[in-house]
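Asker: below is the structure, and that's it, no one-letter string:
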């Protein structure tokens with residue numbers, strides 16, 4: 001049998017290959033840029049230099065809060081209210097603590113939500129406002145007398 005003669009590689013073939021290669025690269029870059037822009041939650045801090053100057057203070061506050069030995073747990077109830085239980089280092093419920101929280105959407109799709117809490121007794125506190133649907137990160141500040149502790153939780 002006779003084999004058909006291969007077609008020669010021309011400048012047109014080379015141009016098609018080069019244009020196709022760059023088209024794929026540009027399309028992938030545009031898709032990835034779109035994903036990056038649509039999922040970026042915003043800035044972590046407004047000024048990284050100022051934040052770096054405060055880092056040691058933040059660590060000292062966190063260590064002081066840990067040294068208190070408080071046992072703190074959290075959960076979401078069925079209506080998406082945050083429930084926090086606070087107990088002292090000895091396990092006794094802290095019923096006269098004051099709690100506040102700031103929650104922000106993990107992907108930055110919603111604005112910040114401030115939560116206030118009311119005491120339920122037995123060291124339990126319930127947020128007066130529910131968290132909207134979605135993934136949230138909350139920083140809860142607990143004050144009991146002169147002591148303060150901040151804890152961060154993620155909720156879905």
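Answerer: Nice, I can see it. Since this is a predicted model, take the numbers as computed values, not measurements.
Asker: quick check: domain ranges of the protein?
Answerer: Domain segmentation of the chain under automatic domain parsing yields 10-40, 48-155.
Asker: distance from the chain centre to the first one, please.
Answerer: It stands for domain 10-40. Distance of domain 10-40 from its chain centroid, counting by Cα atoms, centre = their mean, to the nearest Å, is 32 Å.
Asker: please apply the same query to stretch 122-129.
Answerer: Counting by Cα atoms, centre = their mean, stretch 122-129 is centred 22 Å from the centre of its parent chain.
Asker: how about whichever strand or helix holds residue 57, which residues are buried there?
Answerer: Under the criterion of DSSP states H and E, residue 57 resides in helix 48-67. By 16 or more other Cβ atoms under 10 Å, the buried positions in helix 48-67 come out as residue 65. Where you see a C-beta, it was placed from the backbone N, CA and C, and this is true even at glycine.
Asker: contact partners of whichever helix or strand comes after that helix?
Answerer: Sequence-wise, the next helix or strand downstream of helix 48-67 (DSSP H and E) is strand 71-76. Contact partners of strand 71-76, identified using Cβ atoms under 8 Å, 6 or more residues apart in numbering, comprise 82-89, 91, 131, 140, 142, 149, 151, 153, 155.
Asker: what's the following helix or strand after strand 71-76?
Answerer: strand 82-87.
Asker: so which elements touch whatever helix or strand comes next after that next one?
Answerer: With elements assigned by DSSP H and E, the helix or strand that comes after strand 82-87 is strand 98-105. On a contact count with 3 or more Cβ pairs under 8 Å, 6 or more residues apart in numbering; DSSP states H and E, strand 98-105 meets strand 82-87, strand 113-121, strand 136-144.
Asker: at 7 Å what do you get?
Answerer: Counting contacts by 3 or more Cβ pairs under 7 Å, 6 or more residues apart in numbering; DSSP states H and E, strand 98-105 packs against strand 113-121, strand 136-144.
Asker: what's the closest of the ones you listed to residue 65?
Answerer: Of all those, it is strand 136-144 that lies closest to residue 65, at 8.5 Å by Cβ to Cβ.
Asker: name the strands paired with that closest one and say parallel or antiparallel.
Answerer: strand 98-105 (antiparallel), strand 147-155 (antiparallel) (DSSP bridges).
Asker: pick the most deeply packed of those strands.
Answerer: Among the strands paired with strand 136-144, judged by mean count of other Cβ atoms under 10 Å, the one packed with the most neighbours on average is strand 98-105 (a mean of 18).
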